[in-house]
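Chemist: Sequence unavailable; structure follows:
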DNA sequence: CACTATTTGTCCGTATGTATG
DNA sequence: TCATACATACGGACAAATAGT
C-alpha cells in the first residue's frame, strides 16, 4: 500500500471525526477504513499493507490499537501477517456485474410489466391511514381500493413491493383482472384519465413485512418510489408507494446534453 | 408514548442489530431510536416518553443504560425530566416532510449549487479502486482526480455525500476554485465537453464514515446516485457517486402525460 | 391526612472493553 | 507484558418528588 493512499484514508477519517463515529472504538474505525480499501480493490491481492508503525504515525494512535486493527483483518482472512515480512492482502477482488431490470420513466412501465410477473398479495376496499386519507381528500370512514403487490423478475426473484391507494374505481380491481392488465390500464377503463404524475424517489429501511416479501434482511436499504397520479381536474386519484431491492433493481435515467 | 409505538421502535432496533451498529454503545443506540421518533414527529410536543422501567423491559437493558439514553435527550433539550412525573417531549415538530432541496434532472444542478453550501473534504490525485479503474479504462498505477464533498442545506445540515473520479483534468481542481465553480464547470474549462450522461438511482446502507458525515446512524438507508458522464467520443470521463440522506433530500420527477 | 405506587435522582460495587505509555 | 485510566453496562439500594386512593 502506498503511503499517499494511506494519507487519503486518514484525510477522510479526519473529516468524519464527529458525531456517532467518535463513539466507535478507534481500532474498529481503522479496521473499517482498511477493510473498505481491500474489498473495493484499492489495495489488491498480494499488496503490502501499511505497517503497524505507519498506522501509528499516520492515524496518531498507539501501537496496540494499530495492531488490533490489523489482527481483526487477519482474523477475517483478508490479510496474512508474518514477522519481519509485514502484512499482505489475501482477498481477491472481483467485479460484480449489475443484473436485474432497469427502469426509466413511466413510459417503460408497460414494458416492464411484460418482462416480470406480478403477484397480488391483497386486494381490498378499506379505510386508509390518516396520512393517505388527508392526501386523497377523504372523509372519515370512506373506503378506497388498497392493493399490495410484489413484482418478480424472470428468475422469479422478488424485486419490488407496491402498496397503492386508488379512489373512484368501481370495477376491474379483481385478482384475475390484475394478472392481465396493469393497474393504470384498469384505472383508464374506469373512465379516469391521468394527466399529471409526480414521482419522488427516496430510500428507506425494510420493515419486517417488506423484508420477508423481498427476501432481504429487515432494516436493509431499499429504494422507495412515491407516485402521485392526478386526473385532468388536478385531483389526486392514485397514490403508489413502491419499495425496490437495490440488488435487483436500479432506476436508470439517460440524457443527452446540448 | 404508546407501548406499541415503543415495541415498533424495538422491532426496528432488533432488525438493525447486525454489523457495525453493535459497536455503538447501547445507551446511544436507544437514544438515537428515541430521538428519531421525536424529530420525525412520531412522538410530539408534550407527549410522555417511555419510563426508564419501560425501556429496561422492552430493550432488555439495565436501568443505568435506559436512564443515560433519556439523560442525553434531556441534555439536548428534546425532553424534560421530573421526579414522579416522567419525561415529556419539549421539541416542537413542524410538519415539513422535505426540508432539504428537491432535485430533478441535471439542469437544476447549477441552481442546486447556489442554494446549498459545499464542503470539500478531500481533493487529490490518487489511484482509484479496481472497480473505478476498470470503468475509466485505466492502467495499473495511473492517477486521477478524486474529490470527496459534502453538501449542506441553508441550515447547514449535511444532506449529500459525493465521491467523484475525473480523468483528463490538468488544472482547476483546487479547494479555492471549487468553492466558486461547480465540478462540471471546471471540467468544461479543461476543454472537455460532456455530451451524454447516464444516471442510476439506487439505495444503500451508510458506512460509518458516510454516516458520520451525513449525521445518520451507520447502516441507515441512503438514496444513492451514480452518474456516468461521457464526452463526445463516448469515453467515460467522470464517475460520480452520491449518497443522500432521505430525510433531507428527495429526488422529484414531475411529468405530464398525453 | 396518610398510604401507596410510580418515577426519577443519586449512590455503591463489580465486570468488561477500550486506549495509552 | 504490565500498570493505569476511562468508558460502558450490569445489578442493587435508597432517597425524593408526584399523583392517585
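Modeler: Structure received. Source: prediction; values computed, not measured.

Chemist: show me what contacts the residue nearest to the spatial centre of chain A?
Modeler: Nearest residue to the geometric centre of chain A (Cα atoms, centre = their mean): residue A:222, 3.2 Å. By Cβ atoms under 8 Å, 6 or more residues apart in numbering or on different chains, the contact set of residue A:222 is A:203-206, A:210, A:214, A:216, A:243-246, B:203, B:221. For glycine as for every other residue, the C-beta is placed from the backbone atoms N, C-alpha and C.

Chemist: ok, the residues you listed vs residue B:117, which is closest?
Modeler: Nearest to residue B:117 among the contacts of residue A:222 is residue A:203, at 23.0 Å by Cβ to Cβ.

Chemist: Figure out the helix or strand that the closest one lives in.
Modeler: Secondary structure assigned from DSSP states H and E places residue A:203 in strand A:194-205.

Chemist: about what we covered before: need the worst-confidence member of the contacts of residue A:222.
Modeler: In terms of pLDDT, the lowest of those is residue A:216, showing 81.

Chemist: what residues are up against the residue nearest to that residue when sequence neighbours are not counted?
Modeler: Counting by Cβ to Cβ, 6 or more residues apart in numbering or on different chains, the nearest residue to residue A:216 once its immediate chain neighbours are dropped is residue A:206, at 5.4 Å. Contacts for residue A:206 were tallied using Cβ under 8 Å, 6+ apart; they are A:214, A:216-222, A:243, B:15.

Chemist: Most neighbours of all those residues, which one?
Modeler: Taking other Cβ atoms under 10 Å in any protein chain shown as the neighbour criterion, residue A:222 ranks highest of the contacts of residue A:206 with 28 neighbours.

Chemist: Could you single out the nearest of the contacts of residue A:222 to DNA strand D?
Modeler: Closest to DNA strand D out of the contacts of residue A:222 is residue A:205 (21.6 Å), distances taken as Cβ to the nearest atom of the strand.

Chemist: From chain B, how far out is residue A:202?
Modeler: Here the distance between residue A:202 and chain B works out to 4 Å (Cβ to the nearest Cβ, to the nearest Å).

Chemist: hang on, I meant residue A:132
Modeler: As judged by Cβ to the nearest Cβ, residue A:132 and chain B stand 14 Å apart.

Chemist: Give me the phi and psi for the residue sitting furthest away from the middle of chain A.
Modeler: In chain A, the greatest distance from the average C-alpha position (Cα atoms, centre = their mean) is reached by residue A:84, at 44.0 Å. As for residue A:84, its main-chain torsions (degrees, to the nearest 10) stand at phi 80, psi -20.

Chemist: And for the one 4 residues further on?
Modeler: For residue A:88, the backbone dihedrals are phi -130, psi 150 (criterion: degrees, to the nearest 10).

Chemist: In which helix or strand does the closest residue to chain B within chain A reside?
Modeler: Using Cβ to the nearest Cβ, residue A:41 is the residue of chain A that sits closest to chain B, at 2.7 Å. Per DSSP H and E, residue A:41 falls between elements, in no helix or strand.

Chemist: for the residue nearest to it when sequence neighbours are not counted, what are its contacts?
Modeler: Spatial nearest neighbour of residue A:41, excluding adjacent residues (Cβ to Cβ, 6+ apart): residue B:130 at 2.7 Å. Under the criterion of Cβ under 8 Å, 6+ apart, the contact list for residue B:130 reads A:40-42, A:44, A:93, A:95.

Chemist: Pull the most distant pair out of those residues.
Modeler: In terms of Cβ to Cβ, the contacts of residue B:130 reach their longest pairwise distance at A:42 and A:95, which sit 13.8 Å apart.

Chemist: higher neighbour count, those two?
Modeler: For residue A:42 and residue A:95, the more surrounded residue by other Cβ under 10 Å is residue A:42, and the numbers stand at 24 against 10.

Chemist: wouldn't the more buried one be in contact with residue A:5 here?
Modeler: Yes - because the distance of 6.6 Å satisfies Cβ atoms under 8 Å, residue A:42 is recorded as touching residue A:5.

Chemist: that older thread, so the residue of chain A closest to chain B versus DNA strand C, what's the distance?
Modeler: Using Cβ to the nearest atom of the strand, to the nearest Å, we find residue A:41 at a distance of 27 Å from DNA strand C.

Chemist: these two touch, right, that residue and residue B:135?
Modeler: No - with contact defined as Cβ under 8 Å, residue A:41 and residue B:135 do not form a contacting pair (11.5 Å).

Chemist: Between these two, tell me which one has more neighbours.
Modeler: Using other Cβ under 10 Å, the more surrounded residue of residue A:41 and residue B:135 is residue A:41, with 20 against 14.

Chemist: can you pull the contacts of the more buried one?
Modeler: Residues touching residue A:41, when contacts are defined by Cβ under 8 Å, 6+ apart, comprise A:93, B:129-131, B:133.

Chemist: State the number of residues packed around residue A:169.
Modeler: 19.

Chemist: Quick check: it is in a helix.
Modeler: No - per DSSP: H, G, I helix; E, B strand; the rest coil, residue A:169 lies outside any helix segment and is coil.

Chemist: Pull up the per-residue confidence for it.
Modeler: At residue A:169 the predicted local confidence, pLDDT, stands at 79.

Chemist: That one contacts residue A:187, correct?
Modeler: Yes - at 6.8 Å, residue A:169 counts as touching residue A:187 under the criterion of Cβ under 8 Å.

Chemist: how about the nearest residue to residue A:156, chain neighbours excluded?
Modeler: Excluding the flanking residues, the one nearest residue A:156 by Cβ to Cβ, 6+ apart is residue A:117, at 7.3 Å.

Chemist: per the record, what domains does chain A have?
Modeler: If you go by automatic domain parsing, the domain ranges for chain A are A:3-89, A:102-244.

Chemist: still on that earlier bit, and the residue farthest from the centre of chain A, how far is that from DNA strand D?
Modeler: Note on residue A:84: its distance to DNA strand D, by Cβ to the nearest atom of the strand, is 18 Å.
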